[in-house]
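Engineer: could you work out the structure for the sequence below:
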Amino acid sequence: MEIITILSIISLLGVALVFSPLGLGGGVLYVPIFYYMLDWEIKEAVIGSLTLVLMVSIGSSLAHSKAGYADNNAANLGRVTAIPAAIIGTVISGYLIDILGDIIIKILATLILIFVIERTTNEMRFNDKEHTQEIQLIEKKREYMFGSAFAGISSGMLGIGGGAILVTINRSILQMDTNKAAGTSFLVAATIVPVALLSHILLDGVTKNIIDNIGIFPIIIFPLMVLLSAFIGAKYAINNLSKSTITIVFLCAIGLSLIRYMIDFITLLK
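Structural biologist: A predicted model of the protein is given here:
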């Protein structure tokens, strides 16, 4: 096994471990790892990313739900718009890549990351000044459904779970605390990611290439390793990390992803 492959495996497992407490599946880093380190085509990278995001979502949602940090009512409402939006996002993604190339996906991902950073930092400043109480779902039903649809489209288009957006709307619209925002995010992602994944498998036609390149055994075993890493990471964070620490790590993870895409743009300009 080549060194770059070993480093890629370690990186993929590390992303699952670190991102699982944050409400993020890690798709914003999985795609670059598959694409740049393993030299997968962009459509193959999206499918690989969504597969691992699903495992992180399942593992982390189990840990958060067992600890009581998840709102099933909010998750059920979010799924109503997020699931069909994920299918729409998949169709749009295939069309844009065929017409404009993968640069459009990177641009859209960058804009989403900037939006998440702006919303999260504003929320941090607001909470520093004033104690906030969680808002009832019924009061923000329309806004929450719209935000969930945005997450679904992003999942289908970019090969991410939509967690960055889901956590952001959970915190900014419903004023959930960090753990509950993460747990609820994973409940929604665990349902929209399979829809986006299945849509890509059916529409992109690259699944056979992935199987031929890596084989059936790694396709079965590695996602299970990611699921276990996500469960362990989330369980540890819930019991040992403060909410402010989780928020800071969340911002660092998003910032790292943004830097990755900015490097791409700088390279293109040279």
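
Engineer: from here on, contacts and neighbour counts on C-alpha atoms
Structural biologist: Fine.

Engineer: from V46, how far out is the residue lying closest to T207 once chain neighbours are set aside?
Structural biologist: In space, not counting the residues next to it along the chain, T207 is nearest to I201; the distance is 6.2 Å by C-alpha to C-alpha, 6 or more residues apart in numbering. Distance, I201 to V46, using C-alpha to C-alpha, to the nearest Å: 10 Å.

Engineer: between those two, tell me which one has more neighbours.
Structural biologist: V46 (28 against 17; other C-alpha atoms under 10 Å).

Engineer: low-confidence bits of this structure, can you list those?
Structural biologist: By pLDDT under 70, the weakly predicted segments of the chain are 1, 123-132, 159-161, 243, 269-270.

Engineer: longest single helix anywhere in it?
Structural biologist: helix 72-100 (DSSP state H).

Engineer: please state the offset of it from the chain centre?
Structural biologist: When C-alpha coordinates are averaged (C-alpha atoms, centre = their mean, to the nearest Å), helix 72-100 and its chain have centres 13 Å apart.

Engineer: who's in contact with I211?
Structural biologist: I219 (C-alpha atoms under 8 Å, 6 or more residues apart in numbering).

Engineer: which SSE is A181 in?
Structural biologist: Per DSSP states H and E, A181 falls inside helix 178-204.

Engineer: okay, the angle between that helix and helix 72-100?
Structural biologist: 40 degrees (axes from the mean of the first three to the mean of the last three C-alpha atoms, to 10 degrees).

Engineer: could you pull out the buried residues of helix 178-204?
Structural biologist: By neighbour count with 16 or more other C-alpha atoms under 10 Å, helix 178-204 contains the buried residues 178-201, 204.

Engineer: brilliant, that's me finished.
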